[in-house]
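Participant: any chance you could fold what I've pasted below:
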Amino acid sequence: MKRRLVDLITDKSVQKFLAVGLLSFGVDYGLLLISLYVFHINLAIATTGAYLSGLALNFILNKLWTFEAPKGAKQSARQATQYALLVAVNLVTTNFIVETAQRAGVGPELSKPLATGFIMVLNYILYNRIIFRTTPPVEPFAG
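Facilitator: Predicted coordinates for the structure are as follows:
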């Protein structure tokens, strides 16, 4: 268990993923708070706009830097489609957590980081094994 944790912490793709995630979250979180408290935009609209801005940055940096995914047109189309589906699930999840917490008296200052942490672990696994994989999937036996 301890060795597995050390391997995970020292894995370059995990380190890059965390760096990209922190930067993307900074953009997302900063835009959310500015939208809410400076421009007084509705919570759902502010959360959505900030989230989508962070995700655009996240997709580009993870594709090109973290996972150095194949860059061909066919691969990019597949990656973008899978990423868009994941974005939709993440967006619904994030809005649900932030709005539910708001009704419970917990502001977005806390609920947004919690929502992000919740989906971050799942996203790394899906990015690494499905969306930005560098090897083609194993074809099932067609026998």
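
Participant: C-alpha only now, for contacts and for neighbours.
Facilitator: OK.

Participant: buried ones in whichever helix or strand residue 75 is part of?
Facilitator: Following DSSP states H and E, one finds residue 75 within helix 73-103. Neighbour counts over helix 73-103 (16 or more other C-alpha atoms under 10 Å) mark 75-76, 79-80, 82-83, 87, 90-91, 94-95, 97-99, 101 as buried.

Participant: and it, what does it pack against?
Facilitator: The contact analysis (3 or more C-alpha pairs under 8 Å, 6 or more residues apart in numbering; DSSP states H and E) places helix 73-103 against helix 43-61, helix 108-126.

Participant: taking those together, which one is wrapped up most tightly?
Facilitator: helix 43-61 (a mean of 19; mean count of other C-alpha atoms under 10 Å).

Participant: what angle do that helix and helix 108-126 make?
Facilitator: 40 degrees (axes from the mean of the first three to the mean of the last three C-alpha atoms, to 10 degrees).

Participant: average pLDDT for helix 43-61?
Facilitator: Averaging pLDDT along helix 43-61 gives 90.
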